[in-house]
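Colleague: after the sequence you'll find the predicted model.
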Amino acid sequence: MQDVHKLETMLQEDGIVFLTYGGFLTQPLIVAMTDALEKEAESSDLSMKVSHNIFTVFIELSQNMMNYSKKMEKEGVDPKGLILVGKNSAGEYYVMSQNILDEDDKNKIEPKLKLLTKSTKDEIKKLYREIRKNGSQAHEKGGGIGFYEIAKRCEKISYEFQKIENGKYYFKFKGIVGKN
């Protein structure tokens, strides 16, 4: 019950939540959640740019969780995770996710995330164009071009790796998409 209290506190601090989901992720479920986000965007009168950025970040993070989440007790993919889309008290829209990664995947994506959090918007766009042009990370497992796409569309990104057991980590990610 303590975890539910933590979630309630976080939601109160972070403002309005449009969508929250925790559990197994599948492609049809991601499509259904995207449809729900589209309806929310229409009813909230979100600008086209903000709503498109929210959808892109949401889809990229959902796909990452679906494809790369690890089980706590055994090796293998376990497409479970937690994803939230909301608006904080400052009026900024955000997308948050959490899933379990193994140490290999952590070691692949952490340098990219460190680079992206230090880079300016122009630097991120330049890196993105270079990667698209040479195609070196287009379909790379464990955080290829997707994080560059997310960083391009966010005002700010933050992340955390929390060690849990047997070389596994909770990977927590938050992207501030911007204001309407």
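Modeller: That came through fine. Numbers count the residues shown, from 1 in each chain.

Colleague: ok, the nearest residue to Leu25 once chain neighbours are set aside - how many residues close by?
Modeller: Once flanking residues are discounted, Leu25 sits nearest to Met66: 4.3 Å by Cβ to Cβ, 6 or more residues apart in numbering. For every residue, glycine as well, the C-beta is placed using N, CA and C. Met66 is flanked by 19 other residues according to other Cβ atoms under 10 Å.

Colleague: pretty sure Met66 sits against Pro28.
Modeller: No. Judged on Cβ atoms under 8 Å, Met66 makes no contact with Pro28 at a distance of 11.0 Å.

Colleague: who touches Lys49 in this structure?
Modeller: Residues in contact with Lys49 (Cβ atoms under 8 Å, 6 or more residues apart in numbering) are Gly178.

Colleague: that one belongs to a helix?
Modeller: Yes. Assessed by DSSP: H, G, I helix; E, B strand; the rest coil, Lys49 belongs to a helix.

Colleague: distance check, it against Leu25.
Modeller: 26 Å (Cβ to Cβ, to the nearest Å).

Colleague: try Glu130
Modeller: In terms of Cβ to Cβ, Glu130 sits 30 Å off from Leu25.

Colleague: which one of those two has more residues nearby?
Modeller: Neighbours were counted for Glu130 and for Leu25 using other Cβ under 10 Å; Leu25 has more, 23 against 11.

Colleague: tell me the contacts of the more buried one?
Modeller: Per Cβ under 8 Å, 6+ apart, neighbours of Leu25: Ser62, Met65, Met66, Ser69, Pro79, Lys80, Gly81.

Colleague: least trustworthy helix or strand in this structure by mean pLDDT?
Modeller: helix 2-14 (a mean of 60; mean pLDDT, DSSP states H and E).

Colleague: picking that back up, buried ones in the strand or helix carrying the residue nearest to Leu25?
Modeller: Of the helices and strands defined by DSSP states H and E, Met66 is found in helix 48-68. The neighbour-count check on helix 48-68 (16 or more other Cβ atoms under 10 Å) flags 50-51, 53-62, 64-66, 68 as buried.

Colleague: just after the helix or strand hosting Arg129, pick out the following helix or strand.
Modeller: Remark: Arg129 resides in helix 121-134, with elements defined by DSSP H and E. The helix or strand immediately downstream of helix 121-134 is helix 146-153, counting by DSSP H and E.
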